[in-house]
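Enquirer: what follows is a predicted protein model with its sequence.
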Amino acid sequence: MKALYFERFGGPQVLQYGDLPDPASGDDTAVVRTTAIGLNFADVYRRQGRYHLAGTPPYIAGYEAAGIVVDGGGYPPAWLHEGRRVAFADSPFANAELVAVPYDKLIPLPDDVSDETAAAVLLQGLTAQYLTRDSYRITSGDVAVVHAAAGGVGLLLLQMSKHAGAYVIAFASTAEKCRAALAYGADEAYTYTEWPGRAQNAGVIYDSVGTTLDESIAAVAARGTVVFYGMAGGDPNPVDPRVLMDGSKTLTGGDLWNVLTSRDERVRRAEELFDLVRSGAIRVPIAGRYALSLGATAHEYLESRAAIGKVLLIP
């Protein structure tokens, strides 16, 4: 099979595209031929050696894709058969034409959800979902600040926050991205030239930048919450817990792997996410589509901060 892989950590130039052995199915594992693969900042972190990574060199990054089952494995459940359209959001080695995926991590796709939509919304949409429900439950009247608001997670996060009744203040790197955030429902949007002044006294701040964490903690209201879930701008400084104590503030982390703990949980949350898409409560923007062979270019585009929405890799 063809795959996008790397054998050492570094910039986009370490990525290679070529032939690797086909994965094998197992007693509880099916093989999926991918049709659309989601690219995420976590894949950039993995390529850089800054995030958990499965396997040994040559490393195949990626945890999210949609496709078709081509080998059902040893003991497939009744719903799973060859030719079945499926997707997954938390199984490794997705940057390849073929991926072996455990049965419990496969999500059946309904007819009205396309492969590209599934690959664009699952990982980031499930992330936005738990951020607004589990890390901090958004309720009507909340004032929520969203960092990197025009990125893949950011646009979904601000839409879900609005759907739950929050007043959303968005921050983005350019005026164009601010306009995108407003178009997707933000009440206010500012570039980082106005950070953190425009974020003062918000009830919750969602921080995926990392280097802004100190200022997010300072800006959030007394008894407010900062949700740290990414480090697209670099690693944060260590946090002095006395700062949290003095303002009765909460700092919590978020990682999707700690939320998707069973097949029932994955399927239930995915179905709720698809319902939001169907109803129009959230729109799923796709910033770009790149052939898998051009994965290095796709990584460069994602890291450039030019993307508004999701970047997809197409095998």
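Expert: Arrived safely, thanks for sending. Residues are numbered from 1 along each chain as shown.
Enquirer: every contact and neighbour count from this point should use C-alpha atoms.
Expert: OK.
Enquirer: my guess is residue 288 contacts residue 310, does it?
Expert: Yes: Residue 288 is within contact range of residue 310, at 6.9 Å (criterion: CA atoms under 8 Å).
Enquirer: neighbour count: the two, which is higher?
Expert: For residue 288 versus residue 310, the count of surrounding residues by other CA atoms under 10 Å is larger for residue 310: 25 against 15.
Enquirer: pretty sure the more buried one belongs to a strand, no?
Expert: Yes: the assignment for residue 310 (DSSP: H, G, I helix; E, B strand; the rest coil) places it in a strand.
Enquirer: quick one: contacts for it?
Expert: 38, 39, 120, 151, 152, 284, 285, 286, 287, 288 (CA atoms under 8 Å, 6 or more residues apart in numbering).
Enquirer: state the distance from the first one to residue 117.
Expert: Right, residue 38. Distance check for residue 38 against residue 117: by CA to CA, to the nearest Å, it reads 10 Å.
Enquirer: what are the boundaries of the helices in the stretch 201-315 of the chain?
Expert: With DSSP state H, counting those that start in this stretch as the criterion, the stretch 201-315 of the chain has helices at 213-219, 241-246, 263-279, 295-303.
Enquirer: and residue 38 and residue 117? Which one has more around it.
Expert: Counting neighbours by other CA under 10 Å for residue 38 and for residue 117 shows that residue 38 has the greater number, 28 against 21.
Enquirer: count the residues that sit near the residue nearest to residue 11 when sequence neighbours are not counted.
Expert: In space, and not counting its chain neighbours, residue 11 is closest to residue 48: 6.6 Å by CA to CA, 6 or more residues apart in numbering. Neighbour count of residue 48, defined by other CA under 10 Å: 15.
Enquirer: now residue 48. Its backbone dihedrals?
Expert: Here is the backbone geometry of residue 48 (degrees, to the nearest 10): phi -80, psi -10.
Enquirer: which ones are touching it?
Expert: 9, 10, 11.
Enquirer: picking that back up, what subset of the contacts of residue 310 is buried?
Expert: Among the contacts of residue 310, those buried by neighbour count (16 or more other CA atoms under 10 Å) are 38, 39, 120, 151, 152, 284, 285, 286, 287.
Enquirer: state the distance from residue 174 to residue 236.
Expert: 22 Å.
Enquirer: so what touches stretch 108-120?
Expert: 35-38, 64-67, 84-87, 274, 284-286, 310-312.
Enquirer: so of those residues, which ones are in strands?
Expert: 35-38, 65-67, 85-87, 286, 310-312 (DSSP state E).
Enquirer: residue 53 contacts residue 61, doesn't it?
Expert: Yes: judged on CA under 8 Å, residue 53 makes contact with residue 61 at a distance of 7.5 Å.
Enquirer: so how far is the least confident helix or strand in the chain by mean pLDDT from its chain's centroid?
Expert: Lowest by mean pLDDT, DSSP states H and E among the helices and strands of the chain is helix 41-48, with a mean of 92. How far helix 41-48 lies from its chain's middle: 12 Å, per CA atoms, centre = their mean, to the nearest Å.
Enquirer: in that helix, which residues are buried?
Expert: Using 16+ other CA under 10 Å as the test for burial, helix 41-48 gives 41, 42, 43, 44, 45, 46, 47.
Enquirer: so the third one touches residue 61, yeah?
Expert: Going back to what we said before, that points to residue 43. Yes: taking CA under 8 Å as the definition, residue 43 is a contact partner of residue 61 at 6.0 Å.
Enquirer: picking that back up, quick one: the residue nearest to residue 11 from residue 59, how far?
Expert: In this view, residue 48 and residue 59 are 12 Å apart by CA to CA.
Enquirer: can you pull out the strands in the stretch 51-200 of the chain?
Expert: Remark: strands assigned in the stretch 51-200 of the chain by DSSP state E, counting those that start in this stretch are 65-71, 85-88, 98-102, 107-108, 143-146, 167-172, 188-191.
Enquirer: dump these to TSV, plus mean pLDDT, distance to residue 22 and mean neighbour count.
Expert: Output for the strands of the stretch 51-200 of the chain, formatted as TSV (pLDDT from 0 to 100; distance: least, CA to CA, whole Å; neighbours: other CA atoms under 10 Å):
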stretch	mean pLDDT	distance to residue 22	mean neighbour count
strand 65-71	98	12	25
strand 85-88	98	19	26
strand 98-102	98	7	24
strand 107-108	97	22	20
strand 143-146	98	41	26
strand 167-172	98	41	26
strand 188-191	98	46	20
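Enquirer: with respect to residue 300, which of the ones you listed lies nearest?
Expert: Nearest to residue 300, of all the strands of the stretch 51-200 of the chain, is strand 167-172, at 18.5 Å by CA to CA.
Enquirer: quick one: the residue of the chain most remote from its centre from residue 218, how far?
Expert: In terms of distance from the mean C-alpha position of the chain, residue 246 ranks first, at 32.6 Å (CA atoms, centre = their mean). Distance check for residue 246 against residue 218: by CA to CA, it reads 11 Å.
Enquirer: sorry, back to before: tell me which of the helices of the stretch 201-315 of the chain lies nearest to residue 160.
Expert: Per CA to CA, nearest to residue 160 of the helices of the stretch 201-315 of the chain: helix 263-279, 8.8 Å.
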